[in-house]
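*Asks:* Here is my input; please provide its structure:
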Amino acid sequence: WQGTEQPQTELPVFVPICEESPGREAAPEGGTFKGPIIVQFYCGTQGASMAYQLAGDEHWRLYTGPIPLPKGETTIRAKAIRIGYKESEEVEASFVVT
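*Replies:* Okay, here's the model as predicted:
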């Protein structure tokens, strides 16, 4: 590491993609959207991988692409990881699809 402190992986950001939100704005806390909707993740740390859990999941899943959400409420937790960096803190958002 440059200096004496291990670098920190940036927080992942949720970006909903649907008719009313075409993937241009982040929704860090989620929100209510008219379906159908997919949610993509973004992390500003180059080379970072992201993992996520949907409400009720026991294990983390590797994020590999946008996640389609069903009607109703879905809570997503995510974190970003990069070798040689500290893991990001976890972020959580609730999306309601009508």
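*Asks:* where does this structure have low pLDDT?
*Replies:* 1-2 (pLDDT under 70).
*Asks:* And the strands in it?
*Replies:* 13-17, 30-33, 37-42, 49-54, 61-62, 67-69, 72-81, 91-97 (DSSP state E).
*Asks:* Comparing the ones you listed, which comes out most buried?
*Replies:* Highest mean neighbour count among the strands of the chain (mean count of other CB atoms under 10 Å): strand 13-17, with a mean of 20. From N, CA and C alone the C-beta is placed, and that goes for glycine too.
*Asks:* In JSON lines, list the strands of the chain along with distance to Arg24.
*Replies:* Below are these laid out as JSON lines (distance: least, CB to CB, whole Å):
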{"stretch": "strand 13-17", "distance to Arg24": "8"}
{"stretch": "strand 30-33", "distance to Arg24": "14"}
{"stretch": "strand 37-42", "distance to Arg24": "12"}
{"stretch": "strand 49-54", "distance to Arg24": "20"}
{"stretch": "strand 61-62", "distance to Arg24": "25"}
{"stretch": "strand 67-69", "distance to Arg24": "18"}
{"stretch": "strand 72-81", "distance to Arg24": "19"}
{"stretch": "strand 91-97", "distance to Arg24": "17"}
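*Asks:* Of all the ones you listed, which one is nearest Pro7?
*Replies:* Ranking the strands of the chain by proximity to Pro7 (CB to CB) places strand 72-81 first, at 12.0 Å.
*Asks:* Can I get that closest one in CSV, CA atoms only?
*Replies:* C-alpha atoms of strand 72-81 as CSV (Å, rounded to 0.1, in the frame of the first residue of the first chain):
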residue,chain,number,x,y,z
GLY,A,72,-43.9,-6.2,-4.2
GLU,A,73,-41.1,-5.2,-1.9
THR,A,74,-37.6,-6.5,-2.2
THR,A,75,-34.7,-5.5,0.1
ILE,A,76,-31.2,-5.8,-1.3
ARG,A,77,-27.9,-5.7,0.7
ALA,A,78,-24.6,-5.3,-1.1
LYS,A,79,-20.9,-4.9,-0.5
ALA,A,80,-17.9,-4.4,-2.7
ILE,A,81,-14.6,-6.3,-2.4
